[in-house]
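Q: Provide a 3D model corresponding to the input given below.
(chains A and B)
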There are 2 protein chains.
Amino acid sequence: MDVPLLVEQARGDSPAHRTRAVARLISLVEDAHPALREVMALLAPRAGHASVIGLTGSPGVGKSTTTNALVAAYRRLGRTVGVLAVDPSSPFSGGALLGDRVRMQEHATDSGVFIRSMASRGHLGGLSWAAPQALRVLSAAGCDVVLIETVGVGQAEVEVASLADTTLVLLAPGMGDGIQAAKAGILEVADIFVVNKADRDGADTVVRDLRYMLSLGDRRTDEGWRVPILKSVASRGEGAEEVVAEIERHGQWLQAHGQLELRRRQRAADEVEAIALTVLRGRIGDLRGGSGLAAAAAKVAAGEADPYAAADELVAGLGG
Amino acid sequence: MDVPLLVEQARGDSPAHRTRAVARLISLVEDAHPALREVMALLAPRAGHASVIGLTGSPGVGKSTTTNALVAAYRRLGRTVGVLAVDPSSPFSGGALLGDRVRMQEHATDSGVFIRSMASRGHLGGLSWAAPQALRVLSAAGCDVVLIETVGVGQAEVEVASLADTTLVLLAPGMGDGIQAAKAGILEVADIFVVNKADRDGADTVVRDLRYMLSLGDRRTDEGWRVPILKSVASRGEGAEEVVAEIERHGQWLQAHGQLELRRRQRAADEVEAIALTVLRGRIGDLRGGSGLAAAAAKVAAGEADPYAAADELVAGLGG
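A: Below you'll find the predicted structure:
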């Protein structure tokens, strides 16, 4: 594999080469390919500064439709957009909920849009490991904005929020989301709420419930950002412009309050830590010719050692 | 805190002390408390050999009802039962979907049952870190069987399967589970399928769909375990005895084929690795008086270093 050529093509002028090179580079990230070291070294000085927008919500609230509407709105502003659709429920297959082909239909011929589904394959560190590297690739390819879309289940929405400059949480009427939101910690991660399918009965109730819950919490008050609640009908593109405007406003707020740099450093810290731990995990795997961990596990399983003592022994074996 | 006394009480003859001590010890696990090292060292030689049953499925298939029915069935056989209800969607609050009090009603006065909700608080290693330690506590308290129940979203069901000797996957009619199952990798983790709410329309379709999908895959054929599909109406306790019988049969199969020891060693390996990585993560956090990671992150965020080079530097700083 000619890594320098791939990186060059990802940044180059030929749309066809660029799209293919970006796809290949993100596949390397997905596969945790050894060539990534070289890729990231080449990308580092050119990583660019795409705005990273997280988008999460329960199944059925209209995440894909919203992503499409936002992409269209950004394109009207002349921005180049990358989309990472992360499927946290698919550690095995690498197949995402929606295939790239389905998702790309609307923007397939637009060289200013990169859309990519990515399975989070249970890497150590999960999204923290893979997504920042995919972001680097998309930034290098010239994306002004990268949307990371994921289903709001499990810890995925928390991980997405830790990756994003601005996190949108989508809700929709008739899904019992009001109560759900509080439970799943969605209140804690949202920078902007979007109540989609706002033409349906119950949209105002969702808005009212959210407003009430926000009034109970005080997460943002000390930082000064009041979490807005917008309405949209993404299937008709309604509200997308307002959402984009609010994202911009949040971006300016982040910048003005030094939060953007803070978030990006935190993201880099998570990424570096995840990579370091992956390296260390590899070394643990290599201990005693690959049998160190198994030997320790056998002792623990037999009750001859407790797991902490066994772990300490492994760590000592690393020379640390 | 008098750790030896707590451990003694968890294994002791007083049901009241035992229940309280088990609850406190599992709280220590939840909190990743420093005293765990001492707890686990004391428990190691006495950890016992509880059968570990994983139970997973989409929201609404009847996991809690099934757990209750299985607990009752095991109690009729005179077995002591522990239940760990893991809520993967609650990294923040520590509050689980169902409170312990609600869940305990039926078995509240039975000293042969321990029921405990546990939030998976985003520890490094997640369930792999916390659950085996909670299992040790329950084993030491004399549990013959531990049921680990979790919602089948995200990677939770995969993690539960890696912890369990036997994994039950629950489905129910009318939830579109047939197709879902294949997507979420549920086929790959199930040792036994239970179609709950079998008195409803569509139960036979679910069974047929599952049978068809199992016929397509060949996961188990090489190992010789044919994944059975059972029906139950857990709300009326129907089918619980059959499920328990099938779990026993699977346990015997595991033993006869050397798989039980294999699974337990693998579980111990995951646990020891997760603890070792937590120790190493702590050391990374301590580097250069706590500023090492932040300094590396700042360089990466500024594009002055790539994340791999920064990670290598941290690892080298550990003396490894």
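Q: State the pLDDT value of residue A:64.
A: On the pLDDT scale, residue A:64 is placed at 87.
Q: Does chain B have contacts with whatever helix or strand it lives in?
A: Here residue A:64 sits within helix A:63-76, counting by DSSP states H and E. No - judged by Cβ under 8 Å from any Cβ of the partner chain, helix A:63-76 stays clear of chain B, getting no closer than 15.4 Å. Quick note: C-beta positions are derived from backbone N, CA and C, even for glycine.
Q: Can I get the helix or strand that that helix is followed by in PDB? Just the C-alpha atoms.
A: Where DSSP H and E defines the elements, the next helix or strand beyond helix A:63-76 is strand A:81-87. Extracted in PDB, the C-alpha atoms of strand A:81-87 (Å, rounded to 0.1, in the frame of the first residue of the first chain):
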ATOM      1  CA  VAL A  81     -19.400  18.200   4.700                       C
ATOM      2  CA  GLY A  82     -18.300  14.800   6.000                       C
ATOM      3  CA  VAL A  83     -20.800  12.400   7.600                       C
ATOM      4  CA  LEU A  84     -19.700   9.600   9.900                       C
ATOM      5  CA  ALA A  85     -22.700   7.300  10.700                       C
ATOM      6  CA  VAL A  86     -21.600   5.200  13.600                       C
ATOM      7  CA  ASP A  87     -23.400   2.000  14.400                       C
END
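Q: For chain B, see how far away residue A:169 is.
A: 14 Å (Cβ to the nearest Cβ, to the nearest Å).
Q: can you count the residues close to that residue?
A: By other Cβ atoms under 10 Å in any protein chain shown, 29 other residues sit near residue A:169.
Q: same check, this time on residue A:304
A: So residue A:304, with other Cβ under 10 Å, has 12 neighbours.
Q: Next, the angle from the helix holding residue A:64 to strand A:81-87.
A: 170 degrees (axes from the mean of the first three to the mean of the last three Cα atoms, to 10 degrees).
Q: Outside of helix A:63-76 itself, list whatever touches it.
A: Taking contacts as Cβ atoms under 8 Å, 6 or more residues apart in numbering or on different chains, the residues outside helix A:63-76 that touch it are A:53, A:55-57, A:81, A:83, A:85, A:98, A:103, A:106-107, A:110, A:112-113, A:144-145, A:147, A:149, A:151, A:168, A:170, A:194, A:196, A:232, A:234-235, A:237, A:239-241, A:243-244.
Q: what's the spacing between the residue nearest to residue A:224 when sequence neighbours are not counted and residue B:301?
A: Leaving out its chain neighbours, the residue that sits closest to residue A:224 by Cβ to Cβ, 6 or more residues apart in numbering or on different chains is residue A:257, at 6.9 Å. As judged by Cβ to Cβ, to the nearest Å, residue A:257 and residue B:301 stand 17 Å apart.
Q: So which of the two has more stuff around it?
A: Of the pair residue A:257 and residue B:301, residue B:301 is the one with more neighbours under other Cβ under 10 Å, namely 22 against 13.
Q: OK, contacts around the more buried one?
A: By Cβ under 8 Å, 6+ apart, the contact list for residue B:301 reads A:261, A:264, A:265, A:267, A:268.
Q: so where do the strands sit in the stretch 51-200 of chain A?
A: Remark: strands assigned in the stretch 51-200 of chain A by DSSP state E, counting those that start in this stretch are A:51-57, A:81-87, A:113-119, A:145-151, A:166-171, A:192-195.
Q: and the ones you listed, which one's lowest on average pLDDT?
A: Mean pLDDT is lowest for strand A:113-119 out of these, coming in at a mean of 80.
Q: Could you check stretch A:247-254 and say which residues are buried?
A: Residues of stretch A:247-254 classed as buried by neighbour count (16 or more other Cβ atoms under 10 Å in any protein chain shown): A:247, A:250, A:251, A:253, A:254.
Q: got the contact list for residue A:114?
A: With Cβ under 8 Å, 6+ apart, residue A:114 has these contacts: A:19, A:22, A:81, A:82, A:83, A:138, A:141, A:143.
Q: Reformat those residues as JSON lines; add distance to residue A:287 and neighbour count.
A: Shown next, in JSON lines, are those (distance: Cβ to Cβ, whole Å; neighbours: other Cβ atoms under 10 Å in any protein chain shown):
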{"residue": "A:19", "distance to residue A:287": "43", "neighbour count": "17"}
{"residue": "A:22", "distance to residue A:287": "37", "neighbour count": "24"}
{"residue": "A:81", "distance to residue A:287": "45", "neighbour count": "27"}
{"residue": "A:82", "distance to residue A:287": "39", "neighbour count": "27"}
{"residue": "A:83", "distance to residue A:287": "41", "neighbour count": "27"}
{"residue": "A:138", "distance to residue A:287": "37", "neighbour count": "27"}
{"residue": "A:141", "distance to residue A:287": "39", "neighbour count": "24"}
{"residue": "A:143", "distance to residue A:287": "41", "neighbour count": "25"}
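Q: and stretch A:160-176, C-alpha only, in CSV?
A: Written as CSV, here are the backbone C-alpha positions of stretch A:160-176 (Å, rounded to 0.1, in the frame of the first residue of the first chain):
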residue,chain,number,x,y,z
VAL,A,160,-20.3,11.1,20.6
ALA,A,161,-20.7,14.1,22.9
SER,A,162,-17.1,13.8,24.0
LEU,A,163,-16.0,13.8,20.4
ALA,A,164,-18.1,16.7,19.2
ASP,A,165,-17.8,20.5,19.5
THR,A,166,-21.6,20.7,19.4
THR,A,167,-24.0,17.9,20.3
LEU,A,168,-27.5,17.8,18.9
VAL,A,169,-30.0,15.5,20.6
LEU,A,170,-33.0,14.7,18.5
LEU,A,171,-36.4,13.8,19.9
ALA,A,172,-39.8,13.2,18.3
PRO,A,173,-43.4,13.3,19.6
GLY,A,174,-45.1,10.1,20.6
MET,A,175,-42.0,8.2,21.7
GLY,A,176,-42.1,8.7,25.4
